[in-house]
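**Student:** Sequence and computational prediction follow.
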Amino acid sequence: MTTDELAKGYLRKCSDRLAALAKASKDLRKEREFSFYGDIDFIPTMEYTTDDTAQALQHAQSATATLNRILG
């Protein structure tokens, strides 16, 4: 099986999730540096809410489920 055939197979298995995963990745990327390191006027533990945490967790679970579908 060629690399192209494998890639097409993976896309068929997860094409319905790609847009949502791309958006989640973009959203999380924007916050990654601040959430890890903070800033002079940004303290992560004071800025993020439990709703932010729940959303990040949901993004991670969705990515994991998609990967499991691909590898499954």
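**Tutor:** Looks like it came in fine.
**Student:** which residues sit against stretch 37-53?
**Tutor:** 34-36 (C-beta atoms under 8 Å, 6 or more residues apart in numbering). Heads up, the C-betas are built off the backbone N, CA and C, glycines and all.
**Student:** measure that stretch end to end?
**Tutor:** 16 Å (C-alpha to C-alpha, to the nearest Å).
**Student:** Could you pull out the buried residues of that stretch?
**Tutor:** By neighbour count on 16 or more other C-beta atoms under 10 Å, the buried set for stretch 37-53 is empty.
**Student:** All further residue positions should be reported with the first residue as 396.
**Tutor:** Fine by me, first position is 396 from now on; the one you just mentioned is stretch 432-448.
**Student:** Which secondary structure state does residue 426 sit in?
**Tutor:** Three-state call for residue 426 (DSSP: H, G, I helix; E, B strand; the rest coil): helix.
**Student:** From residue 402, how far out is it?
**Tutor:** 30 Å (C-beta to C-beta, to the nearest Å).
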